[in-house]
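[1] Below are the sequence and a predicted model; questions follow.
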Amino acid sequence: ERKQEEEAALGYTKQPYAVIIGGGQGGIGLGARLKRLGVPTIIIEKNDRPGDSWRKRYSSLCLHDPVWYDHLPYLPFPDHWPIFSPKDKIGDWLEMYTKVMELNYWTRSEARSASYDEAKGEWTVVVNRDGEEVVLHPKQLVLATGMSGVPNQPSFPGMENFKGEQYHSSKFPGGEQYSGKKAVVIGSNNSAHDICADLWEHGADVTMVQRTSTHIVKSDTLMDIGLGALYSEQAVANGVTTDIADLIFASIPYRILHEFQIPLYQQMAERDAEFYEQLKNAGFMLDWGDDGSGLFMKYLRRGSGYYIDVGASQLIIDGKIKLKSGVAVQEIKEHSVVFSDGSELPADLIVYATGYGSMNGWAARLISQEVADKVGKCWGLGSNTTKDPGPWEGEQRNMWKPTKQEALWFHGGNLHQSRHYSQFLSLQLKARMEGIDTPVYGMGEVHHLG
């Protein structure tokens, strides 16, 4: 009854202290931390059910990280859970989690606008809650919309004339309906590989278009060499729990982390030398990051440019997924894609696996472009490597910490980061609610707008 009373009052007769926009794993994990700390919080989610952001993706989607890396706060996955979780199991777990942790989780709700009143020190957030307009006045606003921003929808000449179907990868409905169809997937990173494999499994004639080089690492090899010491069954047996592993990993400063990673990826290259040779022979353009530090540094620096191989690479080697590499898209015709080398591919379906912009793009949509520019680019370390321009930041730009916009926070990343950093973000929010000063962070200048 107390829970029912709280749900009826919060957002109506009683204002939340914090509002979290986005009810995926990031928003849910942070919501659980804040619930434990007694911070009144509402999570805003546009989908019908918690976990729908996973359920609605293509059928073959599963986590590429092992289960020990992916626990949520407080409630680890049970021992019988698969090492690589399929999307619907994750969706069901998130839905269960919101109920068990008793989160104030508003489904079928969409934040329409937000503005900050400096004098009052509070936000005005206009929400459409299942057709009803509700105006919230939280003191703190968190954008938990993933580490990615607005989808990068490319603009190629002639796209409007294409007679088939075309989607950004975020909207791809799955390969079931494309048996016997000719599909062209623009991109060569994780989503592109997953989608190509899904289309091939459903009988499509699929071609991957690789415009720039990609870092590939086999899943088993990454497990053994890259993650095994911290996140594995053996690590747990050695007394390295997920919480201990998080602290060990976080104890290495980003400034020197690449030096620890380079020898690991050299081992991977030696172990799978034949595999990489076969990929090169198939025409696939490979890289190991700007300094040979591999996947995780690419992820931290730019959040893109890699694929954890769970089978699609062999399909490319075998020619089952066709490959068009080293070309750019020049034009889209009614029934084909034309490339910079003059060649042309017939197409019934085009999928643009072209990634996402910076998270501050969501701030531009919800609040204003002025606030988005005031905050600047989210993610990246300032390593002065490809897609991560300097100067050096020292930690992830604008993530899990105060930003140039008072009372605006960004929370995202993979399941590991959502779990680990939700602890520190929740403590900062709790401290502010209790009037405790937290003079921890020095904020650098904004150098990049996103």
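    Structure received. Worth saying up front: this structure is predicted, and the values here are computed from it rather than measured. Numbers count the residues shown, from 1 in each chain.
[2] Residue 254 and residue 399 touch, don't they?
    No. The pair residue 254 and residue 399 does not pass the contact test of CB atoms under 8 Å, sitting 12.0 Å apart. Bear in mind the C-beta positions are built from the backbone N, C-alpha and C, glycine included.
[3] Following element in sequence after the helix or strand of the chain with the lowest mean pLDDT, please.
    When each helix and strand of the chain is scored by mean pLDDT, DSSP states H and E, helix 52-55 comes last, with a mean of 88. Remark: after helix 52-55, the chain's next helix or strand is helix 87-100, criterion DSSP states H and E.
[4] could you dump that next one to PDB, C-alpha only?
    Presented in PDB, the C-alpha positions along helix 87-100 are these (Å, rounded to 0.1, in the frame of the first residue of the first chain):
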ATOM      1  CA  LYS A  87      18.400 -10.100 -26.100                       C
ATOM      2  CA  ASP A  88      15.000 -11.400 -24.800                       C
ATOM      3  CA  LYS A  89      16.600 -12.900 -21.700                       C
ATOM      4  CA  ILE A  90      18.100  -9.500 -21.000                       C
ATOM      5  CA  GLY A  91      14.800  -7.800 -21.600                       C
ATOM      6  CA  ASP A  92      13.000 -10.100 -19.200                       C
ATOM      7  CA  TRP A  93      15.700  -9.700 -16.600                       C
ATOM      8  CA  LEU A  94      15.400  -5.900 -16.800                       C
ATOM      9  CA  GLU A  95      11.700  -6.000 -16.400                       C
ATOM     10  CA  MET A  96      11.900  -8.300 -13.400                       C
ATOM     11  CA  TYR A  97      14.600  -6.100 -11.900                       C
ATOM     12  CA  THR A  98      12.400  -2.900 -12.000                       C
ATOM     13  CA  LYS A  99       9.700  -4.800 -10.100                       C
ATOM     14  CA  VAL A 100      12.000  -6.400  -7.500                       C
END
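[5] avg pLDDT for that helix?
    In this model, helix 87-100 has a mean pLDDT of 95.
[6] Show me this structure divided up by domain.
    1-150+356-434, 165-352 (the TED database).
[7] can you put the ones you listed in TSV and add distance to residue 157 and mean neighbour count?
    Shown next, in TSV, are the domains of the chain (distance: least, CB to CB, whole Å; neighbours: other CB atoms under 10 Å):
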stretch	distance to residue 157	mean neighbour count
domain 1-150+356-434	22	19
domain 165-352	5	18
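[8] closest to residue 448 out of these?
    domain 1-150+356-434 (4.1 Å; CB to CB).
[9] how far does that closest one stretch from start to finish?
    Its first and final residues considered, domain 1-150+356-434 spans 27 Å by CA to CA, to the nearest Å.
[10] Please, where are all the helices along the stretch 101-250 of the chain?
    Using DSSP state H, counting those that start in this stretch, the helices of the stretch 101-250 of the chain run over 190-201, 219-221, 233-237, 242-250.
[11] I'd like the C-alpha coordinates of the longest one written as PDB, please.
    Once side chains and other backbone atoms are set aside, the C-alpha atoms of helix 190-201 remain, and they are given as PDB (Å, rounded to 0.1, in the frame of the first residue of the first chain):
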ATOM      1  CA  ASN A 190      29.600  -4.700 -34.500                       C
ATOM      2  CA  SER A 191      26.100  -3.900 -35.700                       C
ATOM      3  CA  ALA A 192      27.000  -4.400 -39.300                       C
ATOM      4  CA  HIS A 193      28.400  -7.800 -38.700                       C
ATOM      5  CA  ASP A 194      25.400  -8.900 -36.500                       C
ATOM      6  CA  ILE A 195      22.900  -7.700 -39.100                       C
ATOM      7  CA  CYS A 196      24.800  -9.300 -42.000                       C
ATOM      8  CA  ALA A 197      24.900 -12.600 -40.200                       C
ATOM      9  CA  ASP A 198      21.200 -12.300 -39.300                       C
ATOM     10  CA  LEU A 199      20.300 -11.600 -43.000                       C
ATOM     11  CA  TRP A 200      22.400 -14.500 -44.200                       C
ATOM     12  CA  GLU A 201      20.800 -16.900 -41.700                       C
END
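[12] That'll do, ta.
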